[in-house]
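Chemist: structure of the sequence below:
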Amino acid sequence: MKVIGIVGMPASGKGEASRIARELGIPVVVMGDAIRERVKEAGLPLTDANCGAIAGKLRVDLGMDAIARITIPRIEATGAPVVLVDGIRGDYEVTAFKGHFPDFTLIGIESLFETRYRRLTNRGRSDDSLTPDEFRARDERELGWGLGRALELADCRITNEGSLEEFAAEVRTLLCRLGGMEG
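Modeler: Next up, the predicted model:
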């Protein structure tokens, strides 16, 4: 099984890359879904603070690679030859995936804070209603989980500062190459 991981700061373009993967017929497993499910199970509103608290608690209780370990069975359950995993937040997760899936490739998506904040305010997810200071705090929380170190481990990088069309074309080309598909 070929597993392609996506890592990037919040609102860098991970969700868009996942959408393109789905268009190409690649199943996508979103790590954040495991967090959102646990927030709902706890009867809490789906806010950034609650998602962050649950993710932090899982990492404290189960280890820094907890979300990756929770996600591995979901990836395997697809039974697909190529799977994309979206939402890697730390180097411990990268290590867990590389240890479990010998054919693992990590794509890093990079985008400036200002660009990401503009996207965040436009996408309208319930956990996105943040001020610039709250968004910086979210960045810092995720960097504390090892997100910066995970980005450094990326096998390939995409800079997402141009148009959506440019980004989509670059992602599509890369996914086709990595997944061994026709573009």
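Chemist: okay, now the unreliable bits of the protein?
Modeler: The chain contains residues with pLDDT under 70 at 124-129, 182-183.
Chemist: and the strands in it, which stretches?
Modeler: 2-8, 28-30, 82-88, 103-110, 156-159 (DSSP state E).
Chemist: can you lay out the ones you listed as TSV showing mean neighbour count and distance to residue 175?
Modeler: Quick note: C-beta positions are derived from backbone N, CA and C, even for glycine. Putting the strands of the chain into TSV (neighbours: other CB atoms under 10 Å; distance: least, CB to CB, whole Å) gives the following:
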stretch	mean neighbour count	distance to residue 175
strand 2-8	25	7
strand 28-30	20	11
strand 82-88	25	7
strand 103-110	19	8
strand 156-159	16	10
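Chemist: tell me how far the residue lying closest to residue 172 once chain neighbours are set aside lies from residue 36.
Modeler: Of all residues not flanking residue 172 in the chain, residue 20 sits nearest, at 5.5 Å (CB to CB, 6 or more residues apart in numbering). Relative to residue 36, residue 20 is positioned 22 Å away (CB to CB, to the nearest Å).
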